[in-house]
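*Asks:* Sequence first, predicted coordinates after that:
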Amino acid sequence: MVAAVEIRLIGRPVILDASGAERPVRGHQSWALLARILMADRPLTRRELSAELFPSADDPLGALRWCLAGLRRALGSAESFTGDPVVPGLPADTVVDLHELDSGTVDLSYATGLLAGVDPRCSPEFDTWLMIQRHRVAGQVDTALRAEVRRRLTGGAFSRAVDLATLGVQRAVFDEGTHVLLLQGLVAMGADDVAAAHVTATTELFRRELGHEPTTALRDAARPRLAAPPPGVSRRAVVVSSLESGRAALAAGAAEAGVELLRRASQDGEDVGDQQLAAACLLELGSALVHSVRSHDDEGVTLLHRSATIAASIGDDRVAAQALRELGYVDALAGRRPSAAEHLQRAEVHAGDDPSLLAGILSIRGFNLGDWGKFDEAGQAYTRALDLARRARSARREAWTLGTGAWVLLAAGDIARAQAWADASLVRAETLQWVAFRPWPTAVLAETELADGGITPTTRTRLDEAYALSCSLGDPCWEGATARAISLTHAAHGRRTEARAWIDQALTRSRRATDTYAAVQAAILTTSAEQAGAAGDGPRAEFFARSLLALSARAHLDHYLPRAIALLDAAR
């Protein structure tokens, strides 16, 4: 059924009738008012709206009535935008693009930004609200665009995937992930020469404008298909051998060799006609790219999508659950929280009553909810995950759950439990000799002790060792987290110069990879802004506060938004 009215607020705002003709809306304030009402999490009173949108008007309530009447005329509905508080009351067949972003029905080719070209003169409170919403909608559009590109790639619509990925590059030319998606589409189309040329051009652009080259993920995304295996050998035997050898190489710490073997297994696995084997190969390679190779999350996600799709279609619930769990983890890490929640919900359905699978799914759900600022729900998920991990005797999952859970408890202000969980996580990591994870609970434990009055000498020594270990591992996230914790220890003792040097180090090191942890970035930006404000450096504090606000809005880090606003107000 064709909608009687279509409201577009993304890009140049318009209201269209059923024939596609524009209906007139007068003034920037009217568009701002429409967005404010439709995006509010509760009905707003007329006094609230008039104070936000018409602070300089001689008759703010009268100006509000005039704009509301104009919106009703544009919609052709006398029942809309009435009452006090004002209720939208849109006709049942009205479509609002903001509400349809996740449905795949919005034409993303026009989706540039929220209220593009609209610059209303409103109150400072509204200006802050609009700035937050513009960043938030930009993140939603990027997520929808990425999801649609991957749906097209998985479904074999490679030409459309390339068109959409090109839009993504145009929206964020210095986001390496958008280029990776475009290259995946080009390679899938067989346009290897075009893909190679794009890598060259993008590398030159990054070098010229940013002063550094893209990561190896860009080059790897443009790799042509591997040569066919030698004749006389069963194709399936080659796949099974490559899969087993790849797993063994990864387990031995030979990530590069393992990934290369898994690439062979995944390519050939999709050609042999064994869908169960193909799904397993794609899962292994996708997971390896996410966890074992820096900055390859975007390539890994595409493979995991394919694995989940194939596994679900043939009833392989275990592989489907694992692939969806990994997709939820990547989205949670990047701050695409609604998408992460959807993947994890689907993963739980496929997991059934398997305690090991459920422990992993629920721990990542807690991870996602905690960084979303939904602390009570996160706590419930973590509690269930811990119980399941212990039932499944998965010590590594238990260590991870305790470590990330401690970070959430710290954010929620539960310092005592956060300290206990971080300490327990560190003990388990050391018992397991899980060297690659140890820096994380060490950094969290240090921060909990600082919040509780002072860091112990033992933890301070461990923190230095954790930073050195992070650098040896080449893990930008752990480097950023541990460097920030060291900065906090210097700040606690009034050593501002050292504190600034370490927080700058945290920011620089954590940004080396493209698949960074959004919440760690937010914590670093918060500390940077707070330290700059304490030192009286207003411009620096404002820069970091604005960066924090933008990241918090885009990555659904809701509990950081009030801090970002307060820091921005203090810096102005």
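*Replies:* Looks like it came in fine. Just so it is clear, the model here is predicted, and its values are computed rather than measured.

*Asks:* in the protein, which spans are strands?
*Replies:* With DSSP state E as the criterion, the chain has strands at 5-8, 14-17, 22-23, 94-96.

*Asks:* So which of those is the most surrounded?
*Replies:* The highest mean neighbour count among the strands of the chain, using mean count of other CB atoms under 10 Å, belongs to strand 5-8: a mean of 20. All C-beta atoms are positioned from the backbone trio N, CA, C, and that covers glycine.

*Asks:* Could you give the average pLDDT over that strand?
*Replies:* In this model, strand 5-8 has a mean pLDDT of 93.

*Asks:* now stretch 42-51
*Replies:* Mean per-residue pLDDT for stretch 42-51: 96.

*Asks:* Distance from the chain centre to it, please.
*Replies:* Here stretch 42-51 is found 32 Å from its chain centre; the criterion is CA atoms, centre = their mean, to the nearest Å.

*Asks:* Give me the buried positions along that stretch.
*Replies:* Across stretch 42-51, burial judged by 16 or more other CB atoms under 10 Å covers Leu44, Arg46, Glu48, Leu49, Ser50, Ala51.

*Asks:* mind exporting it as CSV, just the C-alpha atoms?
*Replies:* Only the C-alpha atoms of stretch 42-51 are listed here, as CSV (Å, rounded to 0.1, in the frame of the first residue of the first chain):
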residue,chain,number,x,y,z
ARG,A,42,8.1,11.2,25.6
PRO,A,43,5.4,13.8,24.7
LEU,A,44,6.7,17.3,25.3
THR,A,45,4.6,20.2,26.7
ARG,A,46,3.9,23.3,24.8
ARG,A,47,5.9,25.3,27.3
GLU,A,48,8.9,23.0,26.8
LEU,A,49,8.7,23.2,23.0
SER,A,50,8.2,26.9,22.9
ALA,A,51,11.1,27.5,25.3
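
*Asks:* measure stretch 487-501 end to end?
*Replies:* 8 Å (CA to CA, to the nearest Å).

*Asks:* Show me which of the buried residues of stretch 42-51 is closest to Leu183.
*Replies:* Leu44 (45.2 Å; CB to CB).

*Asks:* what about the closest one, distance to Glu52?
*Replies:* 8 Å (CB to CB, to the nearest Å).

*Asks:* Likewise for Leu289?
*Replies:* Using CB to CB, Leu289 is found at 46 Å from Glu52.

*Asks:* Tabulate the buried residues of stretch 42-51 in CSV, adding columns for distance to Arg236.
*Replies:* CSV is the format used below for the buried residues of stretch 42-51 (distance: CB to CB, whole Å):
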residue, distance to Arg236
Leu44, 63
Arg46, 70
Glu48, 66
Leu49, 66
Ser50, 71
Ala51, 70
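
*Asks:* Which members of these occur in helices, if any?
*Replies:* With helices taken from DSSP state H, the overlap with the buried residues of stretch 42-51 comprises Arg46, Glu48, Leu49, Ser50, Ala51.

*Asks:* from what I can see the last one touches Ala63, true?
*Replies:* So that's Ala51. No: assessed by CB atoms under 8 Å, Ala51 is found out of contact with Ala63, at 11.3 Å.

*Asks:* which helices and strands does the longest helix belonging to the chain pack with?
*Replies:* Longest helix of the chain, by residue count under DSSP H: helix 124-155. Contacting helix 124-155 under the criterion 3 or more CB pairs under 8 Å, 6 or more residues apart in numbering; DSSP states H and E are the following elements: helix 28-39, helix 46-53, helix 158-171, helix 176-189, helix 297-314, helix 337-351, helix 538-554, helix 561-571.

*Asks:* Those helices into JSON lines, with extra columns for distance to Tyr110?
*Replies:* JSON lines is the format used below for the helices and strands packed on helix 124-155 (distance: least, CB to CB, whole Å):
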{"stretch": "helix 28-39", "distance to Tyr110": "15"}
{"stretch": "helix 46-53", "distance to Tyr110": "25"}
{"stretch": "helix 158-171", "distance to Tyr110": "10"}
{"stretch": "helix 176-189", "distance to Tyr110": "18"}
{"stretch": "helix 297-314", "distance to Tyr110": "24"}
{"stretch": "helix 337-351", "distance to Tyr110": "22"}
{"stretch": "helix 538-554", "distance to Tyr110": "20"}
{"stretch": "helix 561-571", "distance to Tyr110": "28"}
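
*Asks:* Which among those is found nearest to Arg121?
*Replies:* Proximity to Arg121 (CB to CB) singles out helix 28-39 among those, at 7.6 Å.

*Asks:* could you dump that closest one to PDB, C-alpha only?
*Replies:* Once non-C-alpha atoms are left out, helix 28-39 reads as follows in PDB (Å, rounded to 0.1, in the frame of the first residue of the first chain):
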ATOM      1  CA  HIS A  28      13.600  26.200   9.600                       C
ATOM      2  CA  GLN A  29      11.900  26.300  12.900                       C
ATOM      3  CA  SER A  30       9.000  24.200  11.600                       C
ATOM      4  CA  TRP A  31      11.300  21.500  10.500                       C
ATOM      5  CA  ALA A  32      13.200  21.600  13.800                       C
ATOM      6  CA  LEU A  33       9.800  21.400  15.700                       C
ATOM      7  CA  LEU A  34       8.700  18.400  13.600                       C
ATOM      8  CA  ALA A  35      12.000  16.600  14.300                       C
ATOM      9  CA  ARG A  36      11.800  17.400  18.000                       C
ATOM     10  CA  ILE A  37       8.300  16.000  18.400                       C
ATOM     11  CA  LEU A  38       8.800  12.900  16.300                       C
ATOM     12  CA  MET A  39      12.200  12.000  17.900                       C
END
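
*Asks:* what packs against that helix?
*Replies:* Helix 28-39 sits against helix 46-53, helix 60-75, helix 124-155, with contacts defined as 3+ CB pairs under 8 Å, 6+ apart.

*Asks:* that older thread, now the strands of the chain in CSV, with distance to Thr202?
*Replies:* Listed next are the strands of the chain as CSV, based on distance: least, CB to CB, whole Å:
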stretch, distance to Thr202
strand 5-8, 31
strand 14-17, 34
strand 22-23, 38
strand 94-96, 36
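
*Asks:* what's the nearest residue to Leu114 if we skip its chain neighbours?
*Replies:* Spatial nearest neighbour of Leu114, excluding adjacent residues (CB to CB, 6 or more residues apart in numbering): Val137 at 4.2 Å.
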